[in-house]
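> Dropping the sequence and predicted coords here.
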There are 2 protein chains.
Amino acid sequence: MYVTIPTDHYAPSYHFKPRVSRGKSTEVSFKAGAYLYFEGDAVERLYEVKSGVLRLTRLLEDGRRQVISFGYPGDIVGFPASGLHHTDCDVLVDARLQPYSRAALESGANDPQLHQDLLEAALREISAMQDHFLMLGRKSAAEKVASFLSVLAERVGDDMGNYRKISLPMSRADIADFLGLTTETVSRSLTQLRKAKVIAIENIHTVIILRPQALLALSDGHQDMVA
Amino acid sequence: MYVTIPTDHYAPSYHFKPRVSRGKSTEVSFKAGAYLYFEGDAVERLYEVKSGVLRLTRLLEDGRRQVISFGYPGDIVGFPASGLHHTDCDVLVDARLQPYSRAALESGANDPQLHQDLLEAALREISAMQDHFLMLGRKSAAEKVASFLSVLAERVGDDMGNYRKISLPMSRADIADFLGLTTETVSRSLTQLRKAKVIAIENIHTVIILRPQALLALSDGHQDMVA
DNA sequence: CGGGTTCTTGACTATCTTCAACGAAAGTGG
DNA sequence: CCACTTTCGTTGAAGATAGTCAAGAACCCG
């Protein structure tokens, strides 16, 4: 999952559409804390996230970290480059994953439809990452946090009548490393949104979106709408 | 071209390797200033850059801009998502391009090897973008500019004995929008590198790398090595 | 050569980070 | 299950980095 800015050009359904009858399910389960793979590992399989949440990270030698993305249901993780993984990947929330062989990505010989679907997922990934660039490079801290919450609310929020509830299974440090901020700044931004009554913080890992429209406006820099 | 941090795991040859005998060349030429496509256009063809430089950009409604990447020889541009282009693309330096049909990317029926090559290019693109995230999210202005120059020197620099010469056909604003900075900050960072005798600025669009090792060190935050 | 754009530099400001302290939450072992 | 310890999150104050605004210099183009 990246923070992508919805545009009119294209439909917002930005993630993997599993084909219903892909034969017998061969899903596997991973517990929170488990690692799927490390940077430099040879890629054996890709995974479609069916449930749970994954975390993909990349490290700089001096310890600086970037969370590349969070893997939510509908996402495909593990695309190889030169046959290798280029991130670490671990599990934040117990997950069920559908593995696909690397061969299925690289050749359509066995299952042309799957090949096609995986290729499309890779191309969507590129597009989503481009959007994410815009956010990392050009948005303020407040806008980044608002964007992040908006995307989560849209993709995995629970509808509660007027509000939406989202779970934040990742730490503040994860959010910070995802958005290119510090934990303190993330915390302050959340507090700010809370004080503006745009969100309510039920507990550390649960946020209620009180005014989705205001949050969306903030995420594009219309700070006027907050009032 | 993205700003990727070389890691020991994988070979540094990170771009498209054209197969020598891909039949008759059907290259096309574009003049500086020409647009290849706009965001929202249907993707007809991908292009392999043979010579020249392209610029891929994405805009926010309020005018903020992100330069997604620069297209240098060896790069493939124009990967579709849902069949559409998700950036604008124009020409900075007169370019020769090898077009490939979108069909060649999406199916291996006609030319399995080309299909394979294009898929690999897409996967490399994902990996390179992940590196770029780390730079956008976690590097200081000085590190970003140093990284940018290092990558350019490595990929398209001219060897001049002890030094390397690079051409910067793009404006300072382009560099800024690529690195998530302002033109002023880019300018100041270059001045700083010049004063530290790491680079020399031959003219606005030509930079000499006097101490490549120091530049590389700076790009990873070892500011000690500058002295 | 002249006019407009781009680049550089300076002074000032804003935003975000850093450092530090405290409180809340979660994990551990008796 | 509770006390203890450690980690995580929030808040404040101070500082640094990058942005903004403004002016002049360099460059480009007709």
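Thanks, I have the structure now.
> Contact partners for the residue lying closest to A:L54 once chain neighbours are set aside?
Excluding its sequence neighbours, the residue lying closest to A:L54 (C-beta to C-beta, 6 or more residues apart in numbering or on different chains) is A:G71, at 3.1 Å. In short, each C-beta sits where N, CA and C put it, glycine included. Neighbouring residues of A:G71 by C-beta atoms under 8 Å, 6 or more residues apart in numbering or on different chains: A:1, A:47, A:49, A:53-56, A:77, A:89, A:95.
> what domains does the record give for chain A?
Following automatic domain parsing, one finds the domains of chain A at A:28-135, A:139-226.
> Including mean pLDDT and distance to DNA strand C, could these go into TSV?
What follows is the domains of chain A, written out as TSV (pLDDT from 0 to 100; distance: least, C-beta to the nearest atom of the strand, whole Å):
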stretch	mean pLDDT	distance to DNA strand C
domain A:28-135	93	9
domain A:139-226	93	3
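> just so I know, which of the ones you listed lies nearest B:Q66?
Closest to B:Q66 of those is domain A:28-135 (C-beta to C-beta; 4.2 Å).
> Ends of that closest one, what's the gap?
End-to-end distance of domain A:28-135: 33 Å, with C-alpha to C-alpha, to the nearest Å as the criterion.
> next one: stretch A:156-164
Termini of stretch A:156-164 sit 10 Å apart (C-alpha to C-alpha).
> cool, and stretch A:205-212?
Start-to-end span of stretch A:205-212 (C-alpha to C-alpha) is 18 Å.
> Without its sequence neighbours, what residue ends up closest to A:I204?
Looking at A:I204 with C-beta to C-beta, 6+ apart, the closest residue is A:L168, at 7.7 Å.
> neighbours of the one you found, just the number please.
20 (other C-beta atoms under 10 Å in any protein chain shown).
> And for the one 10 residues further on?
A:F178 is surrounded by 28 other residues when neighbours are defined as other C-beta under 10 Å.
> who are the neighbours in contact with it?
By C-beta under 8 Å, 6+ apart, the contact set of A:F178 is A:66-67, A:69-70, A:148, A:170, B:137.
> Let me know the helix or strand that it is in.
Remark: A:F178 resides in helix A:172-179, with elements defined by DSSP states H and E.
> That helix: how far from the chain's middle?
Relative to its parent chain, helix A:172-179 has a centroid offset of 12 Å by C-alpha atoms, centre = their mean, to the nearest Å.
> got the buried residues for it?
A:172, A:174-179 (16 or more other C-beta atoms under 10 Å in any protein chain shown).
> what's the following helix or strand after that helix?
helix A:183-195.
> Now do the buried residues in that following helix.
A:185-186, A:189-190, A:192-193.
> right, is it up against DNA strand D?
Yes: using C-beta under 7 Å from any atom of the strand, helix A:183-195 reaches DNA strand D at A:183-184, A:186-188, A:190-191.
> In the residues you listed, find the pair that's most separated.
A:T183 and A:T191 (12.5 Å).
> what's around A:L134, how many residues?
The burial count for A:L134: 24, using other C-beta under 10 Å.
> make that A:K139, sorry
24.
> From B:F70, how far off is it?
22 Å (C-beta to C-beta, to the nearest Å).
> mind listing what the spatially most central residue of chain A touches?
Closest to where the C-alpha atoms of chain A average out (C-alpha atoms, centre = their mean) is A:M1, at 2.1 Å. Neighbouring residues of A:M1 by C-beta under 8 Å, 6+ apart: A:69-72, A:75, A:151-152, A:155.
> hmm, back to that, make TSV from the contacts of A:F178 and add secondary structure to it.
TSV is the format used below for the contacts of A:F178 (DSSP: H, G, I helix; E, B strand; the rest coil):
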residue	secondary structure
A:Q66	strand
A:V67	strand
A:S69	strand
A:F70	strand
A:F148	helix
A:M170	coil
B:G137	helix
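> looking at this, A:R155 is in a helix?
Yes: counting by three-state DSSP, A:R155 is located in a helix.
> thought it was touching A:V53?
No: counting by C-beta atoms under 8 Å, A:R155 does not reach A:V53; the two are 11.3 Å apart.
> The two: which is more packed in?
Each of A:R155 and A:V53 has its neighbours counted (other C-beta under 10 Å); A:V53 has more, 22 against 17.
> thinking again about what came up before, pick out whichever of the contacts of A:M1 sits closest to A:A122.
Distances from A:A122 to the contacts of A:M1, taken by C-beta to C-beta, are shortest for A:D75, at 11.8 Å.
> Need the nearest residue in space to that closest one, chain neighbours excluded.
A:V49 (5.0 Å).
> Torsion angles phi and psi at that neighbour?
phi -80, psi 120 (degrees, to the nearest 10).
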